[in-house]
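> fold the following.
(2 chains)
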Amino acid sequence: MTTAALRNVRVDYARGPALGPVDLAVADGEVVALVGPSGCGKSTALRLLAGLEGPTAGEVIRAPGRGETAVVFQAPTLAPWLSARANVALPLELAGTGPADARRRADEALARVGLAGAEAARPATLSGGMAMRVSLARALVTEPRLLLLDEPFAALDEITRRALADDVLRLWAATRPAIVFVTHNVEEAVYMASRVVVLTRGPGRIAGEFGVEGPLPRPAAFRTEAGFRRTVEAVSAALAEGVAA
Amino acid sequence: MKRLGEVLAPLGLTAVLLAVWELACRTLEVPAYFLPPPSAVAVALADHLPVLVAAAWRTLSTALIALVVASLIAQALAILTALSPWLDRAIRPLASVVQVTPVIALAPLLLIWAGLDHPDRALVAMAVVVAFFPIFSGAVAGLRAADPDLERLFDLYGAKPWQRVRRLRLPAAVPFLLEGHKVGAGLALIGAVVAEFGAGSGGVSGLAWQIQDAGAKLQTARMIAALVVLGIMGVALHAALERLERAGLRWWRGR
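Numbering: from 1, shown residues only, chains lettered A, B, ... in the order given. Below is the predicted model of the structure:
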């Protein structure tokens, strides 16, 4: 079953064409990485899939109902005046969940991202990695069918980045939402995704698609396997070609 | 050491200026109705202290009541502009009219409306007019200052307009509201004093009346004493508001 799809979609902004035309389908439980140069329309594609924006031409198909899509942005995007718990509980409360229930589920979601004990902390007192985990907990607390990540780890150091990539995959394994994430980082894309979609420079078109063999979540030595290296090389080559085109 | 210097330097300069003033008055034999020496001002201050403090309190309470009223009106209107673009276009130009109208020009009209028995109400109304705009424009700016990605999340979760205002835009506006209230409170005090001047002596007895009364009787020392009280009150109000703003921001940011 398809969770979301772009069918011959094109987006033009006032300053010019931004994306497409592209065709992209995301199956239930699939993890798809969108890779491309800056300004290729990756984030636009994500907003289309989220239903936050409409296409100029073409069709966007979205199976998830209201409240079944979650987005994690590049910055943690937390409300500074709310505790970690209240930030995570917010989507539930907006959907009408009672405060006690929302609070309990928020605490569970925080525990799942390894933040048990930090429930009452304000975002300003958290490290970048911890704040990103709160953002992830907020996205997962509603148990979405479609999870969209817009360069979620771009501002973090390499070690935190890798730890969070593993966390996302571990959390994915629990409820298996479809995931689409945007990244600049080819290794991260190949590590996290079962399929990598490469976009050309803007307005982005699809330069190539690469299936990634191997189980999700990834085994510890996955980054050292020959298959991983080969896919990284192939994706990098397609990316370079898409930039040159 | 540095902090001590920060306190001592202005105090030292004040002492020097007062000494020069005192000496000049004595050696040049300036008439007391023209410029009384600081010692005479101090005596006037001590003699009239209870009256001056009571008058200061009346002026201050006018300003504070006006601040509360202006705050409620300004925030309610700002929220309306945030709820609907149509209301936004309707309200904002009218709010600017309030800003550019000199309050003193409104005094006669407001005095008629308040009625001869209630000049105090006219004073509050004039101070409200002055305090309104900084709070309103701060609230309008603050209600639009929420993180655009947080706004997108509220779109995504299908938040209703009122939920968006209450749970996102109002809390995001808090730093702007604190700043607006700080400026508004200072202006409310100025507005109250100006209003007292505009109202004349008809049943109002704040600091401005003390200054006018002393002037009419050529009690210049008492007049300056009233100004001193007004200055101290202004400085104290400003310091209190700075502290409130800092504490509010610390609470808002969580550290």
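
> A:Ala70 touches A:Arg145, doesn't it?
No. Judged on CB atoms under 8 Å, A:Ala70 makes no contact with A:Arg145 at a distance of 9.1 Å. For glycine as for every other residue, the C-beta is placed from the backbone atoms N, C-alpha and C.

> between these two, which contacts overlap?
A:Pro177 (CB atoms under 8 Å, 6 or more residues apart in numbering or on different chains).

> so for the two, which sits in the more crowded spot?
Neighbour count, other CB atoms under 10 Å in any protein chain shown: between A:Ala70 and A:Arg145, A:Ala70 has more, with 27 against 21.

> in a strand, that one, correct?
Yes. Residue state for A:Ala70 (DSSP: H, G, I helix; E, B strand; the rest coil) corresponds to a strand.

> chain B versus that one, what's the distance?
7 Å (CB to the nearest CB, to the nearest Å).

> pLDDT wise, what is that residue at?
We note a pLDDT of 91 for A:Ala70 in this prediction.

> please apply the same query to the one 5 residues further on.
In the predicted model, A:Ala75 carries a pLDDT score of 87.

> was I right about it contacting A:Ala155?
Yes. Using CB under 8 Å, A:Ala75 is in contact with A:Ala155, at 6.9 Å.

> number of residues surrounding B:Leu45?
18.

> once you drop chain neighbours, what's closest to the closest residue to chain B within chain A?
The minimum distance from chain A to chain B, using CB to the nearest CB, falls at A:Arg122 (2.5 Å). Of all residues not flanking A:Arg122 in the chain, B:Gly254 sits nearest, at 2.5 Å (CB to CB, 6 or more residues apart in numbering or on different chains).

> surely the one you found meets A:Ala124?
Yes. Counting by CB under 8 Å, B:Gly254 does reach A:Ala124; the two are 5.1 Å apart.

> which residues are in contact with each of these two?
Contacts common to B:Gly254 and A:Ala124, judged by CB under 8 Å, 6+ apart, are A:Pro80.

> now do the contacts for the one residue sitting closest to the centre of chain A.
Residue closest to the average C-alpha location in chain A (CA atoms, centre = their mean): A:Leu149, at 1.9 Å. Neighbour list for A:Leu149: A:Val71, A:Val72, A:Val168, A:Ile179, A:Val180, A:Phe181, A:Val182 [criterion: CB under 8 Å, 6+ apart].

> neighbours of residue 122, how many?
The chain I'm using is chain A. A:Arg122 is flanked by 20 other residues according to other CB under 10 Å.

> ah, I was thinking of chain B
Neighbour tally, B:Ala122, other CB under 10 Å: 25.

> mind checking how far it is from B:Gly200?
11 Å (CB to CB, to the nearest Å).

> rewinding a little: read off the pLDDT value for the residue nearest to the centre of chain A.
pLDDT for A:Leu149: 92.

> just give the nearest non-adjacent residue to A:Val11, would you?
Closest to A:Val11 by CB to CB, 6+ apart is A:Leu19, at 4.3 Å.

> actually, B:Ile224.
Nearest residue to B:Ile224 in three dimensions, chain neighbours excluded: B:Val41, at 4.7 Å (CB to CB, 6+ apart).

> distance from the helix or strand where the one you found lies to the middle of the chain?
Using DSSP states H and E, B:Val41 sits in helix B:38-83. Relative to its chain's centre, helix B:38-83 lies at 7 Å (CA atoms, centre = their mean, to the nearest Å).

> packing partners for that helix?
Packing contacts for helix B:38-83, counted by 3 or more CB pairs under 8 Å, 6 or more residues apart in numbering or on different chains; DSSP states H and E, involve helix B:2-28, helix B:85-100, helix B:119-143, helix B:174-199, helix B:207-216, helix B:220-253.

> identify each buried residue in the first one, please.
Just to be clear, that refers to helix B:2-28. B:Trp21, B:Cys25 (16 or more other CB atoms under 10 Å in any protein chain shown).

> and the average pLDDT for it is what?
Helix B:2-28 carries an average pLDDT of 89.

> and that helix with helix B:38-83, angle?
Put simply, helix B:2-28 runs at 130 degrees to helix B:38-83, going by axes from the mean of the first three to the mean of the last three CA atoms, to 10 degrees.

> distance from helix B:2-28 to the middle of the chain?
Relative to the mean C-alpha coordinate of its chain, helix B:2-28 is positioned 28 Å out (CA atoms, centre = their mean).

> same thing with stretch B:229-245?
When C-alpha coordinates are averaged (CA atoms, centre = their mean), stretch B:229-245 and its chain have centres 9 Å apart.

> quick one: buried residues of it?
Of the residues in stretch B:229-245, those buried (16+ other CB under 10 Å) are B:Val229, B:Leu230, B:Met233, B:Leu237, B:Leu241, B:Glu245.

> near chain B, which residues of chain A?
Contacts of chain A with chain B, taken as CB under 8 Å from any CB of the partner chain, map to A:47, A:50-52, A:66-67, A:69-71, A:73, A:75, A:77, A:79-83, A:90-91, A:93-95, A:121-125, A:142.

> restricted to buried residues, select those in ChimeraX.
Restricted to buried positions by 16+ other CB under 10 Å, the ChimeraX selection for the residues of chain A next to chain B reads:
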select /A:47,50,51,52,67,69,70,71,73,75,77,79,80,81,82,83,90,91,93,94,121,122,123,142
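
> now, the residues of chain A next to chain B that are in strands?
In this view, the residues of chain A next to chain B that belong to strands under DSSP state E are A:Thr69, A:Ala70, A:Val71.

> OK, contacts around the closest residue to the first one other than its chain neighbours?
In space, and not counting its chain neighbours, A:Thr69 is closest to A:Leu146: 4.7 Å by CB to CB, 6+ apart. A:Leu146 makes contact with A:3-4, A:26, A:49-50, A:62-64, A:68-70, A:177-180 under the criterion CB under 8 Å, 6+ apart.
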